[in-house]
Structure formats: structure tokens, C-alpha cells
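Engineer: can't give you the sequence, but here's the structure:
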């Protein structure tokens, strides 16, 4: 593989900050726990896109620490996630758990969500209209949690969060200043998160040779968060 560029800082377009933001019901919440509950209630038994009538069993909202400094965002639920109502609980989820443990922390300390909250049929890639319909709820989750760092797992998550159409080789290895589009936080001190991109665990299961590259991405995240950087990567 070609030598990777040094980690660089890239600003994501924040034109949405100039727009008039419509008030959200969670803006008056006392804390992130209450805000996430309000967002989930607002989502309801969602029928906003066609995924609700294409075989989903339940909505997979998100799970983890509402005050997490670190948030992982994937693509969408698979069969196991659709069955249990929790993101990343299948084989890819087990690898993500190992990746998190290799960082020296536990799954319960981070927050995990997806771009879309319903399983696409056959685990296909979510379509653009599905992502555009569902992602505003993810943006509200991010604003409620106020993470320091977001890790986008895979190209679909990265491209939807960053609105950048680029290959993984260009997306990885650098930092992006990220502010959730269309929403604000109830904490004026929170100016947004820093976002890094790495491979989706499902891709790493198909191509284990890239685990070392993913570990480099996670080491970059650990340094940003001031965490000790162990040498051992996830298996």
C-alpha cells in the first residue's frame, strides 16, 4: 500500500449553521438521557421512508453512554440487529467490541448508532433518500450526546456524515471538524466533534489484512482523546 499521509485537519462545510434552525422538542431537556428519550419518542414507529414496509422487525435507535466522549456510527442494522433492536450485535458487532476493548475501554462507555435505523432488505446499501430521511434523527442524537470524537465506520457512514464522495483511501488518516447538520446543542460550549473514518467491521471480516490499517485509525483516535495507546490491535 502507498504510504499514508500524516493526519490532517479538514473542515466540513457548515453552511447549515447559517440556516434558520427549527426548534426541536429535546432542546429543553435537562440532560442527554432525557433528550435521547424525547428523540426516540419523536421517531415513533417510523414510516417516513420505504424501509418500514420492506421487512424490518423493529427500529434500531442506538445504544451506549449518553455522555460518551466517543461515538461510532455505522451504515445500518443487519439481521441480528433487526432481531434484537440494538446496533452491532452480530459478527461485525463482536469485532467492533474487540476493537473497543483493544482501545482499553468497554462498549458501555461509548455510544453506537447507524445512518439508517431500519434494516435494508438483504442488507443492501441504504439508498440516498433513505439516508436523507433518517439522518436528521442521528444528527439530533449527536447534538444531544455531544461527543468529542466520532468514528465513521465505512464509506457509507463517512460519505453521509461528511457529504463527501471520496474513496476510503482519501477519507481515512485525517481529522474532520464536524457539526451535526440542521440542529444545535443545548450546551453553547460544545462546538462540534472531531470525526475520523475507518473501515467497517464487516469489511474487516471479509478482508482481515486491513485490520492493521483500522488499528492505526483507532490509535489516532486514542491520541486525540488523551488515552494510553496500547500496541495490540483487535483480533
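Structural biologist: Yes, it's here. All figures in this text were calculated on a predicted structure; none of them were measured in a lab. Numbers count the residues shown, from 1 in each chain.
Engineer: tell me which element the residue nearest to the spatial centre of the chain falls in.
Structural biologist: Nearest residue to the geometric centre of the chain (C-alpha atoms, centre = their mean): residue 73, 1.5 Å. Assigned by DSSP states H and E, residue 73 belongs to strand 70-74.
Engineer: Who are the packing partners of the lengthiest helix in the chain?
Structural biologist: Secondary structure of the chain per DSSP state H: the longest helix is helix 128-145. Packed against helix 128-145 by the contact rule (3 or more C-beta pairs under 8 Å, 6 or more residues apart in numbering; DSSP states H and E) you find helix 32-43, strand 70-74, strand 111-114, helix 155-162. Heads up, the C-betas are built off the backbone N, CA and C, glycines and all.
Engineer: who does the third one pair up with?
Structural biologist: Note on strand 111-114: by DSSP bridges, its sheet partners are strand 63-64 (antiparallel), strand 70-74 (parallel).
Engineer: could I get these as JSON lines with distance to residue 219 and mean pLDDT?
Structural biologist: Listed next are the strands paired with strand 111-114 as JSON lines, based on distance: least, C-beta to C-beta, whole Å; pLDDT from 0 to 100:
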{"stretch": "strand 63-64", "distance to residue 219": "21", "mean pLDDT": "98"}
{"stretch": "strand 70-74", "distance to residue 219": "13", "mean pLDDT": "98"}
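Engineer: Just the buried positions in stretch 190-208, please.
Structural biologist: For stretch 190-208, the buried set under the neighbour-count rule, 16 or more other C-beta atoms under 10 Å, comprises 192-204.
Engineer: looking at it, residue 56 is touching residue 119, isn't it?
Structural biologist: Yes: taking contacts as C-beta atoms under 8 Å, residue 56 lies within contact range of residue 119: 5.2 Å.
Engineer: Cool, thanks, talk later.
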